[in-house]
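# coordinates for the following, if possible.
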Amino acid sequence: MKAAVIDGYGGSEHLTVRELPEPGPPGSGQVLLRVQAAGVNPLDWKIRRGRMRLIMPARFPLILGFDVAGEVLAIGPEVTRFQPGDAVFGVADVNPQGGSYAELTLAREAALAALPGSLSFEEAAALPMAGLTALQGLRDKGELVAGERVAINGAAGGVGHFAVQVAAALGAHVTAVASGRNLEFVRSLGAHEAIDYEEEEFTARDETWDVIFDLVGNRSFADCEEVLSRNGGIYISTVPSARLFLSVAAATLGGLLGQRKRGRFVKVQYRGEDLTLLARLAEQGELRPVIQEVFPLEEARKAHEISEAGHVSGKLAVRVG
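Presented below is the predicted three-dimensional model:
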C-alpha cells in the first residue's frame, strides 16, 4: 500500500511517500479501513520533529496521522457497531506502525463513528482530534452551559473554529479572539463578539467570562484570573507547560481555601460517543469543519510545512482514496 512515512525524526524532508506492507487483519475490537482522507494536526509534525519522543516514542518506519475517514473493509472479533462497507470517521490505532496517512489503516471500534451524510470524507477527517478537544474542553473541563459567557483565544485555528461552533451550540455567548484578518471568519462561525488580538488585549477589558479557553498558550491562568467570573470562572488550556501545571495546582489549593476560580488542562479522549455527538451537530447544521486546503497524499509534506508555519484558518486535510 502507499503511505506517507518517516524513518527518523527531523524536518518535513523526512516525510516521504512510498509502498509499505499492508497492515495485518484487525484484532479484537479493531476494524480495517480503506482510507479516503486524513486530517492534519500540529501533533503530526511535532511527532515527526521528535518533540513527543519522551511520551510517544516512535517505531520506524512510522506512518503519521491520527484523524481518518474511510470505508470499513474488515472487522475483528467483538466488533458490533460496524460492518464492511460502512463509511466511518474517527482516529486511527497508531500503535505500533501508525497512522492515517496511508491507503489502509487499523482503528479501534471505540474511536469511530458513522460518517454523517452532510460531510465529505475530507471534512469528516478534519473533525476528530480538534473537534473532540473543543467539545471535551468546553463541556467537560469548562462545564459550559447555556447562558454563560466564554472567551476563546485562538478562535480561527483547528480547535478554535470548532470551539466557537460548539460553544454556540451549547447556548453560550461567544467572544472569539483572533487576528484582524479572521474576525469575519469567526463571526461567521457563530461568535457574538470578535476581538483582534493585534489591536486589543482581551484580558484588559472591563468585563468577565465564565470560561476562558486558551488554545494558543500565550495567556496563563494568572493572566486571565482578573477577567474570570468570580462565581466559579474556569480557565482551560490545551498547551501543557510547567507554568500551567503550577497555575492549576495553585487554583486547586485556592479552591480548598474557598476561592472558586479554577485552571484546567484538557487532554483529548477518543470516544466514539463524543464523535457521534459531533456528527449529530454536523447533521443539524450546527457544526461544520472549515478546510483551508486539501492536499493529495503525495503532497503531505507541503501540508506539514503549512501547518508548521502557523496561521491556518480552520483545518488542513490529505486526500488518500
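# what about residue 13, how many residues nearby?
Neighbour count of residue 13, defined by other C-beta atoms under 10 Å: 9. The C-beta positions use only the backbone N, C-alpha and C, and glycine is treated the same way.
# I figured it hits residue 304, correct?
No: using C-beta atoms under 8 Å, residue 13 is not in contact with residue 304, being 10.1 Å away.
# what about the helices in the chain?
42-49, 121-125, 128-135, 158-169, 183-188, 221-224, 242-256, 272-283, 300-309 (DSSP state H).
# of all the ones you listed, which one is nearest residue 1?
helix 300-309 (14.5 Å; C-beta to C-beta).
# what's the angle from that closest one to helix 42-49?
For helix 300-309 against helix 42-49, the angle by axes from the mean of the first three to the mean of the last three C-alpha atoms, to 10 degrees is 110 degrees.
# hmm, who's touching helix 300-309?
Where contact means C-beta atoms under 8 Å, 6 or more residues apart in numbering, the residues beyond helix 300-309 that reach it are 4, 12-13, 15-17, 40-42, 44-45, 48, 64, 101, 293, 295, 312, 316-318.
# can we see that at 7 Å?
4, 12, 15, 17, 40, 42, 44-45, 48, 101, 295, 312, 316, 318 (C-beta atoms under 7 Å, 6 or more residues apart in numbering).
# quick one, that helix and helix 158-169 angle?
Using the same axes, to 10 degrees: helix 300-309 against helix 158-169 is 70 degrees.
# report the buried residues of helix 300-309.
300, 301, 302, 303, 304, 306, 307, 308 (16 or more other C-beta atoms under 10 Å).
# by neighbours, which of the contacts of helix 300-309 wins?
Ranking the contacts of helix 300-309 using other C-beta under 10 Å puts residue 40 first, with 32 neighbours.
# for the closest residue to it other than its chain neighbours, which residues are in contact?
The shortest distance from residue 40 to any non-neighbouring residue, by C-beta to C-beta, 6 or more residues apart in numbering, is to residue 316 (4.1 Å). Residues near residue 316 by C-beta under 7 Å, 6+ apart: 40, 291, 292, 293, 303, 306, 307.
# quick one: the nearest residue to residue 184 once chain neighbours are set aside from residue 164, how far?
Leaving aside its chain neighbours, residue 184 sits nearest to residue 194 (7.9 Å; criterion: C-beta to C-beta, 6+ apart). Going from residue 194 to residue 164 by C-beta to C-beta, to the nearest Å gives 10 Å.
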